[in-house]
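Chemist: This is a predicted model, with the sequence first.
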Amino acid sequence: MIHFGNISRKQFLQEYWQKKPLLIKNALPNFICPLSPEELAGLSCEEEFESRLVTGSTNNNIWKITNGPFDETTFSNLPKKEWTLLVQGVDRYIEDIYHLVNEFDFIPRWRFDDVMISYAASGGSVGPHYDYYDVFLLQGLGKRRWMISAQDCNLENYLSDTPLRIMKHFNEELVWEVKPGDIVYIPPNIAHHGVSLDDECLTLSIGYRSYSINEMYEALDLPQKSESNIYFKDPIWDSNQQSAEIPQIAIDTVKIFLKTKSLPDDYFGCFVTKLDSEDDKKFSEIIASYKQDQIHTGVTYELKPLCRIAYQHSNGELLVFVNGEVFDSSNIEDEIIIDFCNTKKILTNKKNWILTKRLSSLFLIQEH
């Protein structure tokens, strides 16, 4: 679990989460990056991965972006400096990256989106920008300089005629240099600009979803609001909360955000676990090609990384959600399924056999 140095996890959740940036030095002591630059380049050559190459710098603001998949020729023709390779959703396919996300489970896991990994040559960058989501920037290899600012984070402050959303005016307020194991936390609407200080700089971006008011109204089949730039803000999370639980305070905050006194019991759980269209397509392809193997007792199985799972207590009833749907938890002890939701693992035995069979046929658990 992340070491926060001079502050507690509780203090981070109360004072920093979705409020202000934080440099966490030596957050993961003796961290060894699970993926090498060569392996990341190899992933960018595969169809399964969404990858991009960005060349350019703020010295002249001449930027170019190329979408993958790439090949060996692509990399042999790159300049010696000022370029960045970005590979999205690495946690969906690389087990060590998927398990690394457990380090961040003091934030509800259903809030998590994916892990993007970037590799940059000296001077490599994607320019100053801001996002609507939260991100932990974990340094994996080399050194990077992060420049941070809360100024001019608006839709009018972007360069025209560039393929990236790069801020036209960026006045740094904080400057941090990071090395492997350090983490920079960036909340929504905070501008950040990272520049590689080494020939080999690798950064893991652990990103969390943002929920716009229009998305949430659309999920309720209600007319969308014109203020599409308004995003849901989390309540203050309990540092002892279980990772897969949707607490009542989250439901209460949603009601306030949507200005309603009542919501369907299954609304928010289905909304936050629903796969996006691309992941839903991938999952459908997996299901179509999947042949169920015989389930054995005494074996530990694990939920597929692509799946999203959460649960909540509502009117004395346990509701479980997987991939945007209510999961049938009838005839299964609450303790068993809650433990599975939080750990995403299950050791098969007679007591949990019903759950194991349902998961196997529906959500493709794999031997761990």
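Modeler: Now that the structure is in, tell me what you want to look at.

Chemist: Just the residues contacting the host helix or strand of residue 218, thanks.
Modeler: Secondary structure here is read from DSSP states H and E; on that basis residue 218 sits in helix 213-219. Residues outside helix 213-219 that contact it (C-beta atoms under 8 Å, 6 or more residues apart in numbering): 223-225, 227-228, 230-232, 254, 257-258, 267, 270-271, 274. From N, CA and C alone the C-beta is placed, and that goes for glycine too.

Chemist: For that helix, give the mean pLDDT please.
Modeler: Per-residue confidence for helix 213-219 averages out to 93 on the pLDDT scale.

Chemist: May I see the buried residues of whichever helix or strand comes after that helix?
Modeler: Next helix or strand after helix 213-219 toward the C-terminus (DSSP H and E): helix 248-258. Residues of helix 248-258 classed as buried: 250-251, 253-254, 258 (neighbour count, 16 or more other C-beta atoms under 10 Å).

Chemist: Repeat that for stretch 19-33.
Modeler: Counting neighbours by 16+ other C-beta under 10 Å, stretch 19-33 gives 21-24, 27-28, 31, 33 as buried.

Chemist: sorry, back to before: ok, of the buried residues of helix 248-258, which one's closest to residue 80?
Modeler: Nearest to residue 80 out of the buried residues of helix 248-258 is residue 250 (C-beta to C-beta; 48.3 Å).

Chemist: Please convert the buried residues of stretch 19-33 to JSON lines, extending it with pLDDT.
Modeler: As requested, the buried residues of stretch 19-33 are exported to JSON lines (pLDDT from 0 to 100):
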{"residue": "21", "pLDDT": "98"}
{"residue": "22", "pLDDT": "98"}
{"residue": "23", "pLDDT": "98"}
{"residue": "24", "pLDDT": "98"}
{"residue": "27", "pLDDT": "98"}
{"residue": "28", "pLDDT": "97"}
{"residue": "31", "pLDDT": "96"}
{"residue": "33", "pLDDT": "96"}
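
Chemist: From those, pick the one nearest residue 352.
Modeler: Nearest member of the buried residues of stretch 19-33 to residue 352, counting by C-beta to C-beta, is residue 28, at 32.5 Å.

Chemist: Which residues are in contact with the closest residue to the closest one other than its chain neighbours?
Modeler: Nearest residue to residue 28 in three dimensions, chain neighbours excluded: residue 181, at 4.8 Å (C-beta to C-beta, 6 or more residues apart in numbering). The neighbourhood of residue 181, defined by C-beta under 8 Å, 6+ apart, consists of 26-31, 138-139.

Chemist: Am I right that residue 318 is in contact with residue 326?
Modeler: No - using C-beta atoms under 8 Å, residue 318 is not in contact with residue 326, being 10.8 Å away.

Chemist: give me the element residue 193 is part of.
Modeler: With elements delineated by DSSP H and E, residue 193 resides in strand 191-196, which encompasses its position.

Chemist: Pull out the buried positions in that strand.
Modeler: Of the residues in strand 191-196, 191-196 count as buried by neighbour count, 16+ other C-beta under 10 Å.

Chemist: Format these as a markdown table; extra columns: distance to residue 73 and pLDDT.
Modeler: Shown next, in a markdown table, are the buried residues of strand 191-196 (distance: C-beta to C-beta, whole Å; pLDDT from 0 to 100):
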| residue | distance to residue 73 | pLDDT |
| --- | --- | --- |
| 191 | 35 | 98 |
| 192 | 32 | 98 |
| 193 | 30 | 98 |
| 194 | 27 | 98 |
| 195 | 27 | 98 |
| 196 | 23 | 98 |
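
Chemist: any idea which of the residues you listed is the one closest to residue 80?
Modeler: Sorting the buried residues of strand 191-196 by how near they are to residue 80, with C-beta to C-beta, puts residue 196 at the top with 12.1 Å.

Chemist: what number of residues lie near the closest residue in space to the closest one that isn't next to it in sequence?
Modeler: With C-beta to C-beta, 6+ apart as the measure, residue 120 is the residue that lies nearest to residue 196, at 3.7 Å, once sequence neighbours are left out. Neighbour count for residue 120, taken as other C-beta atoms under 10 Å: 29.

Chemist: care to break the chain down by domain?
Modeler: If the domains of the chain are taken from automatic domain parsing, they occupy 9-208, 211-368, with pieces of a single domain joined by a plus sign.

Chemist: Pick the most buried one from those domains.
Modeler: Ranked by mean neighbour count under mean count of other C-beta atoms under 10 Å, these are led by domain 9-208, which reaches a mean of 18.

Chemist: mind checking the end-to-end distance for that domain?
Modeler: One end of domain 9-208 sits 18 Å from the other (C-alpha to C-alpha, to the nearest Å).

Chemist: same deal with stretch 51-61?
Modeler: By C-alpha to C-alpha, the extent of stretch 51-61 from end to end equals 22 Å.

Chemist: again with stretch 131-149
Modeler: Across its full length, stretch 131-149 reaches 12 Å end to end, with C-alpha to C-alpha as the criterion.

Chemist: Can you give the distance from it to the centre of its chain?
Modeler: In terms of C-alpha atoms, centre = their mean, to the nearest Å, the centre of stretch 131-149 is found 14 Å from the chain centre.

Chemist: Stretch 263-277 too?
Modeler: Averaging C-alpha positions (C-alpha atoms, centre = their mean) puts stretch 263-277 17 Å from its chain's average.

Chemist: Nearest spatial neighbour of residue 265, chain-adjacent residues omitted?
Modeler: Distance criterion C-beta to C-beta, 6+ apart; nearest residue to residue 265, sequence neighbours excluded, is residue 314 at 4.6 Å.

Chemist: Beta-bridge partners for the one you found, please?
Modeler: Legend: beta-bridge partners of residue 314 under DSSP bridges are residue 317.
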